[in-house]
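K.L.:
Using only what follows, build the 3D model:
(one chain, ligands or ions: 1)
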Amino acid sequence: MLENAHFIFIWISLLFYLMRGGLVFANKPSKTITTLSAISSMALFGSGIAMVFLISNISFANSWVMTKLVGILLYVSLGVIALKPGLSKPTAIFLWLLGVAVFAYTFAVAKLFLEPII
Ligand code: HEM
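P.N.:
Numbering: from 1, shown residues only. Coordinates of the predicted model:
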C-alpha cells in the first residue's frame, strides 16, 4: 500500500518538477504547479521514510537509505534554488537539470540496491 503510493509519488513528483521548470523557463510560472510539486515531493519523501520505520528489515543504517535521503534533499533543494528569481537562465537550467540527474541517480540506486536486500 505505502509502497504503491511511493511508486505513484515518484512519477507525480517528477512530472510536476518538469512542468514547474518548463513553465518558469517559458516565463509562465504557476503557483499551483509549484505547490503541487512541493506536496508530491514531500509525499515521496514521507512514504519512503514511513516504509523505513514500518519494514523491520530496512534501517536508516543501510547505505542506500542514506543515499536516497541525501538524493531527495538535493533534488528538492536544487529545484528550489534553480527556480528562484534572479539567476541567469543558463545557470537556472543547469541547476534544474542537475536536480533531474540527482533524481535519476536516486532512482537507479533504488532499482539496483533494493531488490537484493528485501
Ligand atoms: C528521489 C527520490 C526517490 C526515488 C526516485 C525513489 C525510488 C524508489 C524505487 C524505484 C523503489 C522500488 C525499488 C524496487 O524494488 O524496484 C523504491 C522503494 C523504496 N524506497 Fe524510494 N525513492 C525515493 C526516495 C525515498 C526516500 C527519501 C526514502 C526513505 C528514506 C525511500 C525509501 C524507500 C523504501 C524503504 C523502499 C522499499 C520498499 C520495498 O521494496 O518494500 N525512498 N524507491
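
K.L.:
now for the helix or strand containing residue 4, which elements pack on it?
P.N.:
Per DSSP states H and E, residue 4 falls inside helix 2-25. When contacts are defined as 3 or more Cβ pairs under 8 Å, 6 or more residues apart in numbering; DSSP states H and E, helix 2-25 packs onto helix 31-54, helix 63-82, helix 89-117. Every C-beta, even on glycine, is put in place using the N, C-alpha and C of the backbone.

K.L.:
how about those helices, which one is nearest the ligand?
P.N.:
Nearest of those to the ligand, taken as Cβ to the nearest ligand atom: helix 31-54 at 2.2 Å.

K.L.:
Spell out which parts of this protein neighbour the ligand.
P.N.:
Applying Cβ under 6 Å from any ligand atom, we find that the chain lies next to the ligand at 3, 6, 10, 44-45, 48-49, 51-52, 55, 58, 65, 68-69, 71-72, 75, 103, 106-107, 110-111, 114-115, 118.

K.L.:
okay, the angle between the helix holding residue 4 and helix 31-54?
P.N.:
Between helix 2-25 and helix 31-54, the angle comes out at 150 degrees (axes from the mean of the first three to the mean of the last three Cα atoms, to 10 degrees).

K.L.:
which residues sit against helix 2-25?
P.N.:
Defining contact as Cβ atoms under 8 Å, 6 or more residues apart in numbering, one finds that helix 2-25 is touched by 29-30, 33-34, 36-37, 40-41, 43-44, 47-48, 50-51, 54, 75, 79, 82-83, 89, 92-93, 96, 99-100, 103, 107.

K.L.:
okay but residue 60 is in contact with residue 52, surely?
P.N.:
Yes. Residue 60 sits in contact with residue 52 when judged by Cβ atoms under 8 Å, with a separation of 6.1 Å.

K.L.:
The two: which is more packed in?
P.N.:
Between residue 60 and residue 52, counted using other Cβ atoms under 10 Å, residue 52 has the larger neighbour count: 14 against 10.

K.L.:
Tell me the spacing between the closest residue to the more buried one other than its chain neighbours and residue 31.
P.N.:
Computed as Cβ to Cβ, 6 or more residues apart in numbering, the closest residue to residue 52 that is not its neighbour in sequence is residue 58, at 5.4 Å. Using Cβ to Cβ, to the nearest Å, one gets 36 Å for the distance from residue 58 to residue 31.
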